[in-house]
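Enquirer: okay, predicted coordinates and the sequence, questions at the end:
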Amino acid sequence: MSKHAKPVIAVGGENLIDSMHTFDSEGVAQVTHKIGGSPYNVAFALARQGQRTHYLTPVSTDEYGQQLAANLEAEDGVLAGGRRDEPTTEAVVTLIDGIPEYVFHREGTAERCVTAESLCASLADEAVHFHAGSLAFAGIEDGAAWEAAFNEAIARGMTTSFDPNIRSALLEDPVQYHARVLRLLKTATIVKLSDEDLEWIYPELSLEEGMETLLSMTGAKLIALTKGPDGAEGWTPSLYCAVENPVIEVFVDSVGAGDTFMATLVSGLADADVLNNSALEKLTKDALQQLLRRGVQAACLNCAKEGCNPPTADEINQALAKA
């Protein structure tokens, strides 16, 4: 099937430039600049895996925005949110033993110039799925706009996916944000979250208790929990499955690993022609296990490269065949 015969997958949320601070063996800082942003990475990974991808967030016309636009368009991704003259958001990323720590500068930037009306207008009639997450929902005004767009997608009969990818230091109103996350967890078709996200959402509960609480309140057809080096777990209303990570022969960093997992999950569902509510209800355990295996394999392939540099579908298939 050609890419243009596939359904449109819409993605929304921040795009930014990562100013990467690393240290050599003598402790001297090295700074490099990488394009990214969690939902942008998901859009990029989906497009690279051959999906028709519409990115709904505005992209700046500045130098970094030009890189962001060119990178996505090189994979045939569509900049459905258009371009803005405001600057690109910057994330200062410090890698400590390969694990990223972030400080963001995103006031008055292009990716925050959204309204409910502009987002709904960018959501193509032919779109069948809408993914959003991370900082899209962290602000007060733009967070409300993204939630309205998410609800509009549901009203149109689209499937949705939500990855909270929580950055607690950037929340404008933590109480309001927590309530928004609970609403999105309840209504999303597909939920992907990390063990760290779950601990933030249910701080008073153990990981197991938090997942039990989430399962009892969500209407999601599929939930995936990523656990870093410990693999991933998946649930449907009637099934459970856990998978381990493949062996990583080369580890560079984990930047974009969760985003690659998220994109691979949605891409796998789209390729299997089950990215709709009725088909998702009929997922088998074998299908769930295969989805999770593809997700962790793709994430680990990404970890073997610097920054978010997700694999193609063929690269994932080749790695799985060798496993």
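Expert: Thanks, I have the structure now. Residues are numbered from 1 along each chain as shown.

Enquirer: in what helix or strand does residue 214 lie?
Expert: Using DSSP states H and E, residue 214 maps to helix 207-217.

Enquirer: outside of that helix itself, list whatever touches it.
Expert: Contacts with helix 207-217, where a contact means CB atoms under 8 Å, 6 or more residues apart in numbering, come from 182, 185-186, 191, 195, 198-199, 201-202, 205, 223, 225, 235. Placement of C-beta: from N, CA and C, glycine included.

Enquirer: can you tell me which of these are buried?
Expert: With neighbours counted by 16 or more other CB atoms under 10 Å, the contacts of helix 207-217 contain buried members at 185, 191, 195, 198, 201, 202, 223, 225, 235.

Enquirer: name the SS class of the residue lying closest to residue 30 once chain neighbours are set aside, please.
Expert: Of all residues not flanking residue 30 in the chain, residue 22 sits nearest, at 5.0 Å (CB to CB, 6 or more residues apart in numbering). Three-state assignment for residue 22 (DSSP: H, G, I helix; E, B strand; the rest coil): strand.

Enquirer: enumerate every residue touching residue 22.
Expert: Residue 22 makes contact with 29, 30, 32, 94, 95 under the criterion CB under 8 Å, 6+ apart.

Enquirer: so which pair among these is furthest apart in space?
Expert: For those, the maximum inter-member distance is 12.1 Å, found between 32 and 94 (CB to CB).

Enquirer: more neighbours, those two?
Expert: residue 94 (15 against 12; other CB atoms under 10 Å).

Enquirer: which residues in the stretch 101-250 of the chain form helices?
Expert: 116-122, 141-155, 174-187, 195-201, 207-217 (DSSP state H, counting those that start in this stretch).

Enquirer: okay if I get these as JSON lines plus distance to residue 294 and mean pLDDT?
Expert: Shown next, in JSON lines, are the helices of the stretch 101-250 of the chain (distance: least, CB to CB, whole Å; pLDDT from 0 to 100):
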{"stretch": "helix 116-122", "distance to residue 294": "29", "mean pLDDT": "97"}
{"stretch": "helix 141-155", "distance to residue 294": "24", "mean pLDDT": "98"}
{"stretch": "helix 174-187", "distance to residue 294": "23", "mean pLDDT": "98"}
{"stretch": "helix 195-201", "distance to residue 294": "20", "mean pLDDT": "97"}
{"stretch": "helix 207-217", "distance to residue 294": "22", "mean pLDDT": "97"}
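
Enquirer: save the ones you listed as TSV, and put in distance to residue 41 too.
Expert: Shown next, in TSV, are the helices of the stretch 101-250 of the chain (distance: least, CB to CB, whole Å):
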stretch	distance to residue 41
helix 116-122	19
helix 141-155	17
helix 174-187	19
helix 195-201	16
helix 207-217	24
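
Enquirer: relative to residue 270, which of these is closest?
Expert: Closest among the helices of the stretch 101-250 of the chain, using CB to CB: helix 141-155, at 15.4 Å.

Enquirer: contacting residues around the closest one?
Expert: For helix 141-155, the external contacting residues (CB under 8 Å, 6+ apart) are 10, 12-13, 56, 112, 114-116, 118-120, 123, 127, 130, 132, 136-137, 160, 162, 172, 177, 180, 183-184, 187-188.

Enquirer: biggest helix in the protein by residues?
Expert: Secondary structure of the chain read by DSSP state H shows that its longest helix is helix 285-303.

Enquirer: let's see that helix as PDB, backbone CA atoms only.
Expert: Extracted in PDB, the C-alpha atoms of helix 285-303 (Å, rounded to 0.1, in the frame of the first residue of the first chain):
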ATOM      1  CA  LYS A 285      -3.100 -11.300  23.000                       C
ATOM      2  CA  ASP A 286      -0.700 -12.300  20.200                       C
ATOM      3  CA  ALA A 287      -1.400  -9.000  18.400                       C
ATOM      4  CA  LEU A 288      -0.900  -7.000  21.600                       C
ATOM      5  CA  GLN A 289       2.400  -8.700  22.300                       C
ATOM      6  CA  GLN A 290       3.600  -8.000  18.800                       C
ATOM      7  CA  LEU A 291       2.700  -4.300  19.100                       C
ATOM      8  CA  LEU A 292       4.600  -4.000  22.300                       C
ATOM      9  CA  ARG A 293       7.600  -5.900  20.900                       C
ATOM     10  CA  ARG A 294       7.700  -3.600  17.900                       C
ATOM     11  CA  GLY A 295       7.500  -0.600  20.200                       C
ATOM     12  CA  VAL A 296      10.400  -1.600  22.500                       C
ATOM     13  CA  GLN A 297      12.500  -2.700  19.500                       C
ATOM     14  CA  ALA A 298      12.000   0.700  17.800                       C
ATOM     15  CA  ALA A 299      12.700   2.600  21.000                       C
ATOM     16  CA  CYS A 300      15.900   0.600  21.600                       C
ATOM     17  CA  LEU A 301      17.000   1.200  18.000                       C
ATOM     18  CA  ASN A 302      16.500   4.900  18.600                       C
ATOM     19  CA  CYS A 303      18.700   4.700  21.800                       C
END
